[in-house]
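**Q** Quick check, what structure comes out for this input:
(one chain, ligands or ions: 1)
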Amino acid sequence: MARPRLVPTARSVAADVLVRVERDSAFAAAALDVELDRNIQLEPRDRALATELVYGSLRLRGWLEARLSRHAPRGLSNLPPEVRAILVIAAYQLLALERVPAFAAVSEAVSGVRAVAGERVSGFANAVLRKLSKEPKPTTDELARAALASADPALTKAIIESIGEPATLALFAATEPPPLGIRVEDASTRDSWLATLREARPSASIEPGRVSPHSIALRGAGRLTDLPGFADGAWTPQEEGSQVVALALGAREGDVVLDACAGRGNKTGLLARAVGVSGAVDAADLHPKKLERLERELGRIGQRPRSTFAVDWASGTGGATGPYDRVLVDAPCSGTGTVRRRPELLLRRAASDLDDLASLQRSILSRAATLVRPGGRLVYAVCSVLRAEAEAVVEHARQCGLTPAPFDAPVAAIVAPGDATSFRLLPSEHGTDGYFVASFVRT
Ligand SMILES: C[S@@+](CC[C@H](N)C(=O)[O-])C[C@H]1O[C@@H](n2cnc3c(N)ncnc32)[C@H](O)[C@@H]1O
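**A** Take a look at the predicted model:
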């Protein structure tokens with residue numbers, strides 16, 4: 001007999017995203033966008049629930065599976081990914097959400113399992129979830145520790161050693177998905193964009209960022225690219241911490257600047273604006289396709305790079321010759337500072353990745369340093385909170401003719417006051433993703 005097809009709901013959308021994250025190694029945020037776009041009939045309330053279920057259950061996935069396994073004598077690993085995803089989503093509702101009645105979570109999960117795996121497996125799901133629903137809910141503190149317990153223990157230990165336990169708990173245990181960020185191209189127009197966006201989405205939370213003068217943080221505003229101003233190039237989606245990194249380079253009118261790991265140009269746009277028509281920005285990256293995207297993206301906001309270079313910094317400097325007044329090295333890293341936005345990282349990253357990353361970061365830094373003019377500035381940044389990718393790389397910089405130097409950018413007054421030559425951004429302190437940023441001059 002054909003199995004019944006169920007009408008998509010917040011829970012089924014969330015389960016589909018978890019399957020794509022596990023089976024296709026998809027990024028959760030991108031997979032969620034695709035699923036929400038495919039299911040435009042979902043009400044805003046259901047879209048918000050789907051988002052919460054995806055972020056929350058990925059953050060706690062290892063722990064949720066361990067709790068489910070206590071009632072599944074043969075474990076969960078033999079079950080199809082679709083069934084495991086449905087069980088994890090249901091377990092998250094039972095253990096971590098107050099407002100969802102247990103019977104609703106269990107009965108929808110059981111119907112979902114029946115539709116994908118048949119009557120026998122749905123009976124098993126029913127038995128497991130009913131037992132789980134009788135267990136006491138963990139406290140907020142226990143839930144925060146459950147997020148830590150879901151990641152590779154060696155990685156968790158390294159993060160705690162880097163930023164301390166309270167900041168680690170705050171990083172892992174964000175109870176709601178972070179806001180979406182936009183960068184208003186002309187910071188002097190931010191107030192008027194705040195008013196325009198609030199008028200367009202009266203029920204959303206739309207607030208100025210805390211550190212970057214370009215930043216606006218939005219919650220519940222729907223898809224950013226549908227909002228007024230995007231199509232005209234008045235603003236660009238960009239998380240606030242990422243803006244701060246670009247601002248920390250201190251690029252000014254007339255400077256010749258290299259964005260050494262420019263990717264799709266998130267930071268290049270800010271740099272191009274800062275140097276103006278009398279300066280120039282070059283952009284380099286390993287992937288030519290990203291550089292093509294960068295050119296299109298900068299075109300949308302009325303900017304363009306002087307040159308782009310496809311460079312593998314691990315083996316040379318490619319076509320980039322310099323000298324540059326300022327170089328931004330926004331290095332590839334573990335991404336541990338972004339777990340609140342990319343909770344799937346906790347399932348994928350292991351402490352064993354760190355040695356390879358640290359060695360890549362050192363080679364990128366030493367090659368990029370050769371392109372800075374004497375007396376010029378290099379800013380090194382990672383969206384990581386780990387010392388191995390931060391302070392340890394700074395030590396190496398001294399061997400590359402780079403001397404730590406206080407930032408000369410206005411934003412430093414907020415994030416690196418006094419003579420600080422490096423700073424960390426943390427969700428708990430700045431409301432941004434986690435970053436490490438260090439400033440040097442070429443000696
Ligand atoms: C942290 S991302 C920075 C992206 C960009 N700056 C942004 O703000 O979105 C690091 C970038 O380094 C690039 N990359 C990785 N390995 C590289 C290598 N060996 N040489 C050059 N670029 C590399 C990646 O393609 C990626 O775009």
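**Q** Next, count neighbours for the closest residue to residue 221 other than its chain neighbours.
**A** Leaving aside its sequence neighbours, residue 221 sits nearest to residue 204 (Cβ to Cβ, 6 or more residues apart in numbering; 3.9 Å). In this view, the C-beta of every residue, glycine as well, is placed from N, C-alpha and C. Residue 204: 18 surrounding residues under other Cβ atoms under 10 Å.
**Q** Could you measure from residue 204 over to residue 427?
**A** Applying Cβ to Cβ, to the nearest Å, the value for residue 204 to residue 427 is 20 Å.
**Q** counting contacts, what elements does the longest strand along the chain pack onto?
**A** Longest strand in the chain, counting residues (DSSP state E): strand 372-382. For strand 372-382, the packing partners by 3 or more Cβ pairs under 8 Å, 6 or more residues apart in numbering; DSSP states H and E come out as helix 240-248, strand 324-330, helix 354-369, helix 391-397, strand 435-442.
**Q** ok, 10 Å please
**A** Contacts defined by 3 or more Cβ pairs under 10 Å, 6 or more residues apart in numbering; DSSP states H and E place strand 372-382 against helix 240-248, strand 256-259, strand 324-330, helix 354-369, helix 391-397, strand 402-404, strand 422-425, strand 435-442.
**Q** relative to helix 240-248, how tilted is it?
**A** Here strand 372-382 runs at an angle of 170 degrees relative to helix 240-248 (axes from the mean of the first three to the mean of the last three Cα atoms, to 10 degrees).
**Q** List the buried residues for strand 372-382?
**A** Within strand 372-382, the residues scored as buried using 16 or more other Cβ atoms under 10 Å are 372, 376-382.
**Q** Redo those residues as CSV? Include pLDDT.
**A** Below are these laid out as CSV (pLDDT from 0 to 100):
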residue, pLDDT
372, 97
376, 97
377, 98
378, 98
379, 98
380, 98
381, 98
382, 97
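**Q** Those residues: which two are farthest apart?
**A** Using Cβ to Cβ, the buried residues of strand 372-382 reach their maximum pairwise distance at 376 and 382, which is 20.9 Å.
**Q** so who does residue 7 touch?
**A** Residue 7 makes contact with 39, 41, according to Cβ atoms under 10 Å, 6 or more residues apart in numbering.
**Q** cool, the one 10 residues further on as well?
**A** Contacts here follow Cβ under 10 Å, 6+ apart; on that basis residue 17 touches 26, 28-36, 50-51, 53-55, 57-58, 85, 89, 344.
**Q** which SS class is it?
**A** Assigned by DSSP: H, G, I helix; E, B strand; the rest coil, the conformation of residue 17 is helix.
**Q** Same check on residue 291?
**A** Secondary structure state of residue 291, per three-state DSSP, is helix.
**Q** Pull out the buried residues from the contacts of residue 17.
**A** By 16+ other Cβ under 10 Å, these give 26, 28-29, 31-32, 35-36, 50-51, 53-55, 57-58, 85, 89, 344 as buried.
**Q** ranges for the helices of the stretch 1-150 of the chain?
**A** With DSSP state H, counting those that start in this stretch as the criterion, the stretch 1-150 of the chain has helices at 10-23, 28-38, 44-59, 61-69, 81-96, 102-117, 119-133, 140-150.
**Q** Run through the neighbouring helices and strands of whichever helix or strand comes after the last one.
**A** On the C-terminal side of helix 140-150, the nearest following helix or strand under DSSP states H and E is helix 153-163. In this structure, helix 153-163 makes packing contacts with helix 140-150, helix 165-172, helix 345-348, helix 354-369, judged by 3+ Cβ pairs under 10 Å, 6+ apart.
**Q** I'd say residue 234 and residue 184 touch.
**A** Yes - using Cβ atoms under 10 Å, residue 234 is in contact with residue 184, at 6.9 Å.
**Q** joint contacts of the two?
**A** Contacts common to residue 234 and residue 184, judged by Cβ under 10 Å, 6+ apart, are 192-193.
**Q** list the contacts for the single nearest residue of the chain relative to the ligand?
**A** Nearest residue of the chain to the ligand, counting by Cβ to the nearest ligand atom: residue 263, 2.8 Å away. Neighbour list for residue 263: 283, 285-287, 290-291, 293-294, 330, 332 [criterion: Cβ under 10 Å, 6+ apart].
**Q** out of those, which touch the ligand?
**A** 285-287, 290, 330, 332 (Cβ under 6 Å from any ligand atom).
**Q** What ranges does the stretch 151-300 of the chain have for its helices?
**A** Under DSSP H, counting those that start in this stretch, the stretch 151-300 of the chain gives helices at 153-163, 165-172, 190-200, 240-248, 268-275, 288-300.
**Q** averaging pLDDT over each of those, which comes out lowest?
**A** For the helices of the stretch 151-300 of the chain, mean pLDDT drops lowest on helix 165-172, to a mean of 85.
**Q** Can you check what angle separates it from helix 153-163?
**A** Going by the same axes, to 10 degrees, helix 165-172 makes 120 degrees with helix 153-163.
**Q** Direction-wise, compare helix 165-172 with helix 140-150 and give the angle.
**A** Using the same axes, to 10 degrees: helix 165-172 against helix 140-150 is 80 degrees.
**Q** Burial check on residue 24, number of neighbours?
**A** Around residue 24 there are 9 residues (other Cβ under 10 Å).
**Q** do residue 143 as well
**A** As a burial measure, residue 143 scores 18 neighbours (other Cβ under 10 Å).
**Q** could you list every residue that touches it?
**A** 56, 59-60, 63, 95-96, 137, 173, 175.
**Q** Now, of these, which are buried?
**A** Buried members of the contacts of residue 143, scored by 16+ other Cβ under 10 Å, are 56, 59-60, 63, 95-96, 173.
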